[in-house]
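>>> coordinates for the following, if possible.
(chains A and B)
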Amino acid sequence: MSATTMFEPAAIADPMLPYPAVVRAIRPETYGISTFSLEYLDPAAQAGFAPGQFNMIHLPGFGEVAISICSDPNTPKVMEHTIRYAGSVTRAIGRLRVGDTVGMRGPYGNPWPMQLAEGKDLMIVSGGIGLAPLRPLILEVIHRRSSFGRVLLLYGGRTPQDLLYTGEFEKWQDGGIEMNVSVDRADETWKGQVGVIPMAFYRIRLDHRNTLVFSCGPEIMMRFVIYEAMARRIPKEAIYVSMERNMKCAIGFCGHCQLGPAFICKQGPVFQFSTIEPFFGREEF
Amino acid sequence: MVGSTAPRVSATAILPKPALQRVLDNLCQSGFQLIGPTVRDGAVILDAIRNISELPIGWTLEQKAGSSHLLRTHSTDYFGCPVGPHSWKRYLFPPHFDLLTAHRNSHGWTFEPARDDSPPFAFIGVRSCDLHAISIQDDVFVNGAVSDPHYARRRERAFILAVNCNTAASTCFCTSMKTGPRVLSGFDLALTELPESFVIEIGSEAGSNVLAGVDWQPASAFDLGRVTQIMQRTERQIQRQVTTSDLPQLLYDRIDHPYWDAIAARCLSCANCTLVCPTCFCSTVEDHSDLTGTNTKRTRAWDSCFILDFSHVHGGNSRPTVKSRFRQWMTHKLGAWIDQFGRSGCVGCGRCIAWCPVEIDITEELSTLRSQGAR
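Down below sits the predicted model:
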């Protein structure tokens, strides 16, 4: 309500104001995709993060993009972001060099419900760059491997060259992750499985009463992952998906990321499938 | 009683109509910029005013689907003109707003919040539908987990002089949305216009203070009876009815309904409805750089779910057709909003109906969708 006297409200933090962050390292991943290690110049801006959360990265003059944090949540000082050069902002980010600064704010969004997976089997299903928001989860699982049952990673890419983090796969396997990697189209160098990732379900046995499915990838892939999981009697309440929509603010103001009643920035990006089922995969919704 | 002292909060006073000028003067002297309805370029808009003579006295709006005409009347009512295309959101949540500036020096980018130098606003003549719209935008910007400091600053300092609506347009349906025509709360002062005087309800300490020195009398039971009569008359004027009891499920059950194609065949996707809507809150951000590239200003601007770019992500657009964008607007406004904020995003002001260039009427489309069954 209105104030009687004319006073300025106390200065409060502006949630749209980014903090300067410096590029500490750039690691090329595949063609057109690199991982940027970013560190806030002011350590007070660092709030930590949970696997599945994202940051807003602002390159002044170009714009701001929502990018998942893909590094180990136990070392949040330097956060890694795997970025595909897809639009004008990400292409401009691609021209940055180590030592350059950007604006960053976050973390935002609803993380993977790791605590629910403790003591259970965990099936991680991912396609393409969708592995990025799952990598912090994988690293955390390896840290606390004994807290979880079987942990499977089903990962697919269009071609062998499109697979991310391949240099870490051996370490992940040694850390107790059962790896199932496949490609849609193989070349002469590929010795692994071929086929779209939902087909990997046919090569494994699952304990449907004790398995959680965490999935991130193209929506069409997640649709078939859900289909295959439910065909194996995994309840829809045990399936979690990470969604993507256009995002301008990440704090529920801009309205861009709505999916039916949900704001993907606030209730998502990670959703229990049962909560968004009526709106998931609807044509042009 | 009359003159120097002020009536207490929740009291009801009566004052001769010209005495409203003194109220406006008091507000000006307290540092408020007055914003009220005024006639400009053949329309009634909201803009800075200082004098009661700037109100649309002797004007009315004849509104129906796809048209809004400003007409002369013999009425001498100060607030007899129905709502025009503007709503108060343009002062609390401006169409363009500077968020921050970024500067680059040898150490890299630094970010500064932009200063909002706007004076406190006094909104003169807020109808009940629009008062509800303000409160609905409060849900979005300040009542959630994260508060928008820019909106909050303007909102906290705003003075609201509400009016009980005495002239409804044919496009109005506030009675169906339970948002009017009588103002019930959330105001500093609430006026009811009688032929020669205003009955005025004091809603806050600030409202009481601006009546100091104004020629007021306590309102009598007879005066209050006339207020009730006027409100009953306005309610009878509102012919348009909308059923809301089956929302939001009605719309969720019709996501794939072919009738959306029929609406899309008419809709121009021009975004007029979202711009005139007093509750639509979608925005985008824009960076404006100088030629050196070292100074950038970041602004927030109104956006609309009707704009193709709105749902663009790498590799495509989740709502590429007019059908999908109209469906998003209507399903959000009348449906999903209830799940998000506990009440409808529609206040029944009828602006989207009057300002649609192709006469799309949200109330008619809703009843057509309802009559066609789930799909």
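
>>> quick one: contacts of stretch B:168-177?
B:61-65, B:82-83, B:128-129, B:132, B:165, B:180-181, B:234-235, B:237-244, B:344, B:346-351, B:353-354, B:363 (Cβ atoms under 8 Å, 6 or more residues apart in numbering or on different chains). Every C-beta, even on glycine, is put in place using the N, C-alpha and C of the backbone.

>>> before we move on, what SS does residue 153 have?
You didn't pick a chain, so chain A it is. On the three-state scheme (DSSP: H, G, I helix; E, B strand; the rest coil), A:L153 is labelled strand.

>>> that one reaches A:I138, doesn't it?
Yes: between A:L153 and A:I138 there is a contact under Cβ atoms under 8 Å: 6.7 Å.

>>> ok so, going back, restricted to strands, list the contacts of stretch B:168-177.
B:L61, B:E62, B:Q63, B:K64 (DSSP state E).

>>> which positions in the stretch 151-300 of chain B make contact with chain A?
B:152-153, B:156-160, B:186, B:188, B:204-207, B:209, B:248, B:252, B:255-256, B:281-285, B:287, B:289, B:293, B:296, B:298, B:300 (Cβ under 8 Å from any Cβ of the partner chain).

>>> on that earlier part again, quick one: buried ones out of the contacts of stretch B:168-177?
Buried members of these, scored by 16 or more other Cβ atoms under 10 Å in any protein chain shown, are B:61, B:63, B:65, B:82-83, B:128-129, B:132, B:165, B:180-181, B:234, B:237-238, B:240, B:242, B:244, B:344, B:346-351, B:353-354, B:363.

>>> return the subset of those residues lying in helices.
Among the buried ones among the contacts of stretch B:168-177, the members found in helices (DSSP state H) are B:S128, B:C129, B:H132, B:T234, B:Q237, B:R351, B:I353, B:A354, B:T363.

>>> closest to A:I124 out of those?
Nearest to A:I124 among those is B:H132, at 46.3 Å by Cβ to Cβ.

>>> distance of that closest one relative to B:L34?
According to Cβ to Cβ, to the nearest Å, B:H132 and B:L34 sit 22 Å apart.

>>> now do B:L268
Relative to B:L34, and taking Cβ to Cβ, B:L268 is found at 36 Å.

>>> ditto for B:P113
Taken as Cβ to Cβ, the span from B:P113 to B:L34 is 28 Å.

>>> please apply the same query to A:L134.
56 Å.

>>> which one of these two has more residues nearby?
More crowded of A:L134 and B:L34, by other Cβ atoms under 10 Å in any protein chain shown: A:L134, with 25 against 22.

>>> list the contacts for the more buried one?
A:L134 neighbours (Cβ under 8 Å, 6+ apart): A:P51, A:G52, A:W112, A:I124, A:S126, A:F214, A:C216, A:S242.

>>> surely the first one and A:P113 touch.
The one in question is A:P51. No: between A:P51 and A:P113 there is no contact under Cβ under 8 Å: 9.9 Å.

>>> looking at those two, which is more packed in?
Shown here are A:P51 and A:P113; by other Cβ under 10 Å, A:P51 has more neighbours (25 against 16).

>>> what is the neighbour count of the residue nearest to B:N105 when sequence neighbours are not counted?
Nearest residue to B:N105 in three dimensions, chain neighbours excluded: B:T294, at 7.5 Å (Cβ to Cβ, 6 or more residues apart in numbering or on different chains). Neighbourhood size, B:T294 [other Cβ under 10 Å]: 14.

>>> so B:T294 sits right up against B:H103, yeah?
Yes: counting by Cβ under 8 Å, B:T294 touches B:H103, with 6.5 Å between them.

>>> got the residue ranges for the helices in the chain?
Using chain A. Using DSSP H, helices in chain A cover A:88-94, A:114-117, A:135-143, A:169-174, A:219-231, A:273-276.

>>> the chain in question should be chain B.
Using DSSP H, helices in chain B cover B:20-29, B:89-92, B:128-141, B:149-157, B:174-177, B:205-209, B:221-237, B:249-252, B:259-266, B:272-276, B:322-331, B:337-341, B:351-354, B:362-371.

>>> any idea how far the longest one is from the chain center?
If I follow you right, that is helix B:221-237. How far helix B:221-237 lies from its chain's middle: 24 Å, per Cα atoms, centre = their mean, to the nearest Å.

>>> same question for the fourth one.
Taking the mean C-alpha point of helix B:149-157 and that of its whole chain, the gap between them comes to 16 Å (Cα atoms, centre = their mean).

>>> look through the chain and tell me its longest strand.
With no chain named, the answer covers chain A. Longest strand in chain A, counting by DSSP E: strand A:19-30.

>>> that answer is for a different chain, and I need it for chain B
Ranking each strand of chain B by length (DSSP E) puts strand B:96-105 first.
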